[in-house]
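Participant: pasting the sequence and the predicted model now:
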Amino acid sequence: MTTQLILQGNALPTFLLEKLLAATGAAAVEPRPPQVTCLPGARRTPAFDALIPLIEAERLDWAFMPTGRRLQDYGLIAFDMDSTLITIECIDELADFAGKKQEVSQVTEAAMRGEIDYRESLRRRLALLAGLDARVLARVYAERLLLSPGARELLAAAQEAGLRTAILSGGFTYFTERLRIELGFDFATSNELEISGGKLTGRVVGDIVDAAAKARHLARLRNELGLEQEQVIAVGDGANDLLMMAEAGLSVAYRAKPATRARASVALNFAGLDGLLNLLQ
């Protein structure tokens, strides 16, 4: 199987291009306007790895991809929600209305780095929200929730190519269901916040959707759709996405934590989510 190196983002400096050609043994250079460069026949080598700091200093994303891989070769794409499909962590924004954003954000960050078990981190954070007026959920959705750059473009392209689409999130159904309906996702799975007397209780209804549950849901969808693992794309940003990403043939780390980037097939550190489209012909 031949591979190609694809770089995207800012303009690729000539000095760096020359080093990349020498390091990877690429057979040619194929510019793809506006700012994508493909090096067919490139191989990842220790000499290439030594150039990674230079590549990233230029704010360039890079990926070695099999030659000829197309979006149509896949049948399912699954997204994490918080800090992946959308720019915020919904629980942090809810905490802001409760006057506890700093406390909750610190736990969120530790969980995304894999320093705290996700179930335990969610219990801790939800407990801090007990008593919060449930009407705040609508304010977070209306006032603070934004799609990540390129999300609509990637989703539209995936739907046009015939892929089924899913949100698999450790976040909350209030947000995932609205996004599912608004954006036309086929599936959505997340945690349901418990509400009593118009206020959050600080708990969820039923079992917590954690990393293992997200992976199980992805495997279930894959099997129900009759797909092979290599026909599945999973996109995430945190440690709690790694099990889900391991169930996919193509795992994409989006603006991700180092541990997640290190284990993903490709990382988009600078491009929007639609940067994935530049990797697939």
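Facilitator: Received, thanks. Every value quoted in this text rests on a predicted model; they were computed, and no experiment measured them. Residues are numbered from 1 along each chain as shown.
Participant: where exactly do the strands run in the chain?
Facilitator: For the chain, strands defined by DSSP state E occupy the ranges 3-9, 30-32, 36-40, 60-66, 76-79, 164-172, 187-196, 199-205, 232-236, 250-254, 266-268.
Participant: could you dump these into TSV and include mean pLDDT and distance to residue 53?
Facilitator: Yep, even glycine has a C-beta here, placed from its N, CA and C like the rest. Shown next, in TSV, are these (pLDDT from 0 to 100; distance: least, Cβ to Cβ, whole Å):
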stretch	mean pLDDT	distance to residue 53
strand 3-9	96	14
strand 30-32	93	24
strand 36-40	96	18
strand 60-66	96	11
strand 76-79	98	29
strand 164-172	97	32
strand 187-196	97	37
strand 199-205	95	42
strand 232-236	98	24
strand 250-254	97	18
strand 266-268	96	14
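Participant: any chance of JSON lines for those, columns mean neighbour count and distance to residue 96?
Facilitator: Formatted as JSON lines, those follow (neighbours: other Cβ atoms under 10 Å; distance: least, Cβ to Cβ, whole Å):
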{"stretch": "strand 3-9", "mean neighbour count": "22", "distance to residue 96": "32"}
{"stretch": "strand 30-32", "mean neighbour count": "12", "distance to residue 96": "41"}
{"stretch": "strand 36-40", "mean neighbour count": "20", "distance to residue 96": "38"}
{"stretch": "strand 60-66", "mean neighbour count": "19", "distance to residue 96": "31"}
{"stretch": "strand 76-79", "mean neighbour count": "27", "distance to residue 96": "24"}
{"stretch": "strand 164-172", "mean neighbour count": "24", "distance to residue 96": "15"}
{"stretch": "strand 187-196", "mean neighbour count": "19", "distance to residue 96": "16"}
{"stretch": "strand 199-205", "mean neighbour count": "17", "distance to residue 96": "14"}
{"stretch": "strand 232-236", "mean neighbour count": "29", "distance to residue 96": "24"}
{"stretch": "strand 250-254", "mean neighbour count": "26", "distance to residue 96": "23"}
{"stretch": "strand 266-268", "mean neighbour count": "24", "distance to residue 96": "27"}
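Participant: I'd like to know which of these is closest to residue 120.
Facilitator: Of all the strands of the chain, it is strand 164-172 that lies closest to residue 120, at 12.3 Å by Cβ to Cβ.
Participant: that closest one pairs with which strands?
Facilitator: The strands beside strand 164-172 in its sheet (DSSP bridges) come out as strand 76-79 (parallel), strand 187-196 (parallel).
Participant: got a markdown table for those strands, with distance to residue 139 too?
Facilitator: Below are the strands paired with strand 164-172 laid out as a markdown table (distance: least, Cβ to Cβ, whole Å):
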| stretch | distance to residue 139 |
| --- | --- |
| strand 76-79 | 24 |
| strand 187-196 | 15 |
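Participant: before we move on, back to that, just send the strands of the chain back as TSV, with distance to residue 17 too.
Facilitator: Formatted as TSV, the strands of the chain follow (distance: least, Cβ to Cβ, whole Å):
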stretch	distance to residue 17
strand 3-9	9
strand 30-32	10
strand 36-40	7
strand 60-66	11
strand 76-79	31
strand 164-172	36
strand 187-196	42
strand 199-205	51
strand 232-236	29
strand 250-254	25
strand 266-268	20
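Participant: out of those, flag the one nearest residue 110.
Facilitator: Taking these one by one with Cβ to Cβ, strand 164-172 is closest: 14.1 Å.
Participant: ok, the residue nearest to the spatial centre of the chain to residue 108 distance?
Facilitator: Central residue of the chain (Cα atoms, centre = their mean): residue 236, 2.6 Å from the mean position. Using Cβ to Cβ, to the nearest Å, residue 236 is found at 15 Å from residue 108.
Participant: likewise for residue 162?
Facilitator: The separation that residue 162 has from residue 108, given Cβ to Cβ, amounts to 35 Å.
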